[in-house]
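J.: show me the folded form of this:
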Amino acid sequence: MDRKYPTLAEIKASHAPKVEYERYLLASRFVFRPPSFPAIWLLVRLGVSGELASWLSGLSAMLGYICFLWPSRPLLWQGLGFLMLFNFFDCLDGGIARITDRRNSYGRFLDEAMGWADMLFWLMLGVAVWRTPYLRHVSGAWGLLPGLWLTVGALCFFLSVYAAYLERTFDQTLRAGWEKLQAARGVAPAATPVSGKGRPEVLARSLAHNLRVRETHYLLLVPAFAFGLADMFLAFMSLFYAGVVAMLLATYCLRGRKVKAAELASR
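T.: The predicted structure is shown next:
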């Protein structure tokens, strides 16, 4: 009996659970997601599994960073192309697993394991800026040493990873207590981070969310590489992540103190 393959309409329908998450992620919604549907349609027919797509995403990222570190000179555009391919395959692995009903713990592990590419991104960009004079817009005019960008890249690397670590730590240690405290006050968890927010806050949260995803980073690298502004982009993102870390620490510590007071009062 012939195998029944999913139609393009069924593939799009299977993506429905992620539509709300991607609603405000412009690069994902309008650039990377639309071609993922016909790609999944084709790859399922070729027998490509979600796990294989995850491995291909990791391989693409590795090739991208090899291009950034190429001995004679950085292969910037080739490296950026491989990173975009990494992101594209990362859009495919979950979609393939959903439409073929093959979601499993190993697939989720692989998807998370390939996050090493996100962790290294800012460090690799710092190396590329250090090695490539035409990517530095302000260094010569301000008398900055090229080696500074290695430090800035390492700082941005640390801050971006630490921001994600703070969020995960809050989820593991304080979220249950915080939501219990909110429930006691009659406050139900918001359906989405922007539910019930005014338009200015929705715009600010959406902008911050877009600035924290790789799709936006990769698209912004196009003008940064083309016009030699990669140093300014790296410096801006370092300041942005420093602000994110400061905001998360302040917010979570304030919530943590309230949870602590409630826990001690109940003893």
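
J.: just give the nearest non-adjacent residue to the residue nearest the centre of the chain, would you?
T.: Computing the C-alpha centroid of the chain and ranking residues by CA atoms, centre = their mean puts Val213 first, at 3.3 Å. Once its chain neighbours are removed from consideration, Val213 has its nearest residue in Leu25; the separation is 6.0 Å (CB to CB, 6 or more residues apart in numbering). Just so you know, the C-beta spots here come from the backbone N, C-alpha and C atoms, and that holds for glycine as well.

J.: neighbours around the one you found, how many?
T.: Using other CB atoms under 10 Å, Leu25 has 20 other residues around it.

J.: equivalent analysis for the one 10 residues further on, please.
T.: Applying other CB under 10 Å, we find 12 other residues in the vicinity of Pro35.

J.: which parts of the helix or strand hosting it are buried?
T.: Taking DSSP states H and E as the criterion, the element that holds Pro35 is helix 33-45. In terms of neighbour count (16 or more other CB atoms under 10 Å), helix 33-45 has its buried residues at Arg33, Ser36, Phe37, Ala39, Ile40, Trp41, Leu43, Val44.

J.: and if you look at stretch 105-112?
T.: Gly107, Leu110, Asp111.

J.: can you pull the pLDDT of Val194?
T.: On pLDDT, Val194 comes in at 63.

J.: hmm, back to that, next secondary structure after the helix holding Pro35?
T.: helix 50-68.

J.: show me which positions of that next one end up buried.
T.: Going through helix 50-68 with 16+ other CB under 10 Å, the ones that come out buried are 50-54, 56-58, 60-65, 67-68.

J.: contacts for stretch 41-51 next, please.
T.: Residues lying outside stretch 41-51 but in contact with it, judged by CB atoms under 8 Å, 6 or more residues apart in numbering, are 5-8, 11, 53, 92-97, 99-100, 102-103, 106-107, 110.

J.: please apply the same query to stretch 152-171.
T.: 118-127, 129-130, 212, 231, 234-235, 237-238, 241-242, 244-245, 248-249, 252, 255.

J.: out of these, which end up buried?
T.: In the contacts of stretch 152-171, burial by neighbour count holds for 118, 120-127, 129-130, 212, 231, 234-235, 237-238, 241, 244-245, 248, 252, 255, counting by 16+ other CB under 10 Å.

J.: which of those residues fall in helices?
T.: Among the buried ones among the contacts of stretch 152-171, the members falling in helices are 118, 120-127, 129-130, 231, 234-235, 237-238, 241, 244-245, 248, 252, 255 (criterion: DSSP state H).

J.: low-confidence regions, the protein specifically.
T.: Applying pLDDT under 70 to the predicted model, the residue ranges of the chain that meet it are 1-3, 139-143, 190-196.

J.: again, only this time at 80
T.: Low-confidence regions of the chain, defined here as pLDDT under 80, cover residues 1-3, 21, 138-144, 187-199, 267.

J.: walk me through the domains of it.
T.: Per automatic domain parsing, the structural domains of the chain span 1-114, 118-267.

J.: which parts of the stretch 151-267 of the chain are helices?
T.: Taking DSSP state H, counting those that start in this stretch to define them, one finds helices in the stretch 151-267 of the chain at 175-184, 199-211, 214-226, 230-265.

J.: okay, the shortest one in CSV with CA atoms only?
T.: Output for helix 175-184, consisting of C-alpha atoms alone and laid out as CSV, is shown next (Å, rounded to 0.1, in the frame of the first residue of the first chain):
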residue,chain,number,x,y,z
ARG,A,175,8.2,30.5,39.4
ALA,A,176,6.0,28.0,41.3
GLY,A,177,6.1,30.1,44.5
TRP,A,178,5.5,33.3,42.6
GLU,A,179,2.5,31.9,40.7
LYS,A,180,1.1,30.5,44.0
LEU,A,181,1.5,34.0,45.5
GLN,A,182,-0.2,35.6,42.6
ALA,A,183,-3.0,33.1,42.6
ALA,A,184,-3.6,33.8,46.3
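
J.: buried residues of it, list them for me.
T.: In helix 175-184, the ones that count as buried by 16+ other CB under 10 Å are Arg175, Gly177, Trp178, Leu181.
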